[in-house]
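>>> From the sequence below, what's the structure:
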Amino acid sequence: ESKRNTAFGSVGRRIPYRILHVINQDGESLGNMHRADALKLMDQHNLKLVLLKENVEPPVYRLMTGQQIHEEQLRRAEKKKASPKPGMYIKELSFSSAIAKNDLETKTKQIAQWIDKKYHVKVTIRQAK
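Numbers count the residues shown, from 1 in each chain. Coordinates of the predicted model:
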């Protein structure tokens with residue numbers, strides 16, 4: 001199972017590692033600690049443990065509030081939406097230098113809509129004879 005497909009959120013008490021590197025909700029490092037100590041800390045402060053980095057030794061977990069988790073999920077969703085996708089569309093539009101004013105306005109509106117939809121737009125201007 002790829003970790004990229006898993007949702008960002010609280011891991012609850014399902015922590016497969018014995019030793020963790022814990023960061024508090026303010027971003028300060030609390031150092032390495034045993035899983036049981038991290039769970040006690042989580043319960044004492046009414047926070048949730050979130051896995052940040054798994055491919056390091058020891059794995060990095062952060063104590064977060066529910067609000068912080070929600071904000072981070074929104075931030076990641078927005079970032080994913082803005083990033084180019086594998087089948088990114090490139091829209092191409094061709095103008096003649098003798099284009100009528102009305103046609104130019106129509107094509108300009110179309111370009112604005114494509115940009116709003118995060119398409120890449122390529123505009124070609126041909127010289128009229």
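>>> In which helix or strand does the most centrally placed residue in the chain reside?
The central residue of the chain, meaning the one whose C-alpha is nearest the mean C-alpha position (Cα atoms, centre = their mean), is R76 at 2.5 Å. Per DSSP states H and E, R76 falls inside helix 66-82.
>>> helices or strands up against that helix?
Counting contacts by 3 or more Cβ pairs under 8 Å, 6 or more residues apart in numbering; DSSP states H and E, the secondary-structure elements packed against helix 66-82 are strand 48-53. To be clear about C-beta, it is placed using only N, CA and C from the backbone, and glycine gets the same treatment.
>>> Distance check, V50 against P58.
When distances are taken as Cβ to Cβ, to the nearest Å, V50 and P58 turn out to be 15 Å apart.
>>> Neighbour count: those two, which is higher?
Regarding V50 and P58, a neighbour count based on other Cβ atoms under 10 Å identifies V50 as having more, with 18 against 15.
>>> Quick check: that one touching Y61?
Yes. Between V50 and Y61 there is a contact at 6.5 Å, judged by Cβ atoms under 8 Å.
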